[in-house]
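Asker: Here is a sequence with its predicted model. Questions after.
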Amino acid sequence: MEFIPERLIELRTELGITRAEAASRLNMSAMGYGRYEKGERTPSYQTVYYIAKTFNTSPDYLYGITDDRSAATITISSETDPDLFLLVSQAKEDKHFLSRLISYAEGLKK
């Protein structure tokens, strides 16, 4: 697997942010981030995972394994979304609750 800097540039451009803002969102120096975009440095898998999570894509997209930009996972924090976290936790534990929740959500979409 090889990191593809052009994909990082595309994502940043689509977000409409500068290199400095991208670096800020990723809690890294602008110089370090710029090296990733220029291909002068290859990020670790952990860094690629963090970049993907922050920019709402997948590591597979950044590595060129897939052309699908959509994220494969969503992270729900009990600190930032306590109600949603509780709902998902209950749904994971109780399949009957999950099926009722899905039926309710489908009804709301109509």
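Answerer: On my side now, so go ahead.

Asker: and residue 72, what is it in contact with?
Answerer: 58, 60 (C-beta atoms under 8 Å, 6 or more residues apart in numbering). To be clear about C-beta, it is placed using only N, CA and C from the backbone, and glycine gets the same treatment.

Asker: what is the mean pLDDT for the longest helix anywhere in the chain?
Answerer: Of all the segments assigned as helix in the chain under DSSP state H, the longest by residue count is helix 95-109. Averaging pLDDT along helix 95-109 gives 91.

Asker: Which elements pack onto that helix?
Answerer: Here helix 95-109 touches helix 82-93, going by 3 or more C-beta pairs under 8 Å, 6 or more residues apart in numbering; DSSP states H and E.

Asker: Which residues outside the helix it packs on are in contact with it?
Answerer: When contacts are taken as C-beta under 8 Å, 6+ apart, the neighbours of helix 82-93 outside the stretch itself are 76-78, 97-98, 101.

Asker: what angle separates it from helix 95-109?
Answerer: Taking axes from the mean of the first three to the mean of the last three C-alpha atoms, to 10 degrees, one finds helix 82-93 and helix 95-109 inclined to each other by 130 degrees.

Asker: roughly how far is helix 82-93 from the heart of the chain?
Answerer: Per C-alpha atoms, centre = their mean, to the nearest Å, the displacement of helix 82-93 from the mean C-alpha position of its chain is 20 Å.

Asker: sorry, back to before: take the contacts of helix 82-93 and write them to JSON lines, including neighbour count and distance to residue 1.
Answerer: As requested, the contacts of helix 82-93 are arranged in JSON lines below (neighbours: other C-beta atoms under 10 Å; distance: C-beta to C-beta, whole Å):
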{"residue": "76", "neighbour count": "13", "distance to residue 1": "27"}
{"residue": "77", "neighbour count": "9", "distance to residue 1": "28"}
{"residue": "78", "neighbour count": "12", "distance to residue 1": "32"}
{"residue": "97", "neighbour count": "13", "distance to residue 1": "39"}
{"residue": "98", "neighbour count": "15", "distance to residue 1": "34"}
{"residue": "101", "neighbour count": "15", "distance to residue 1": "37"}
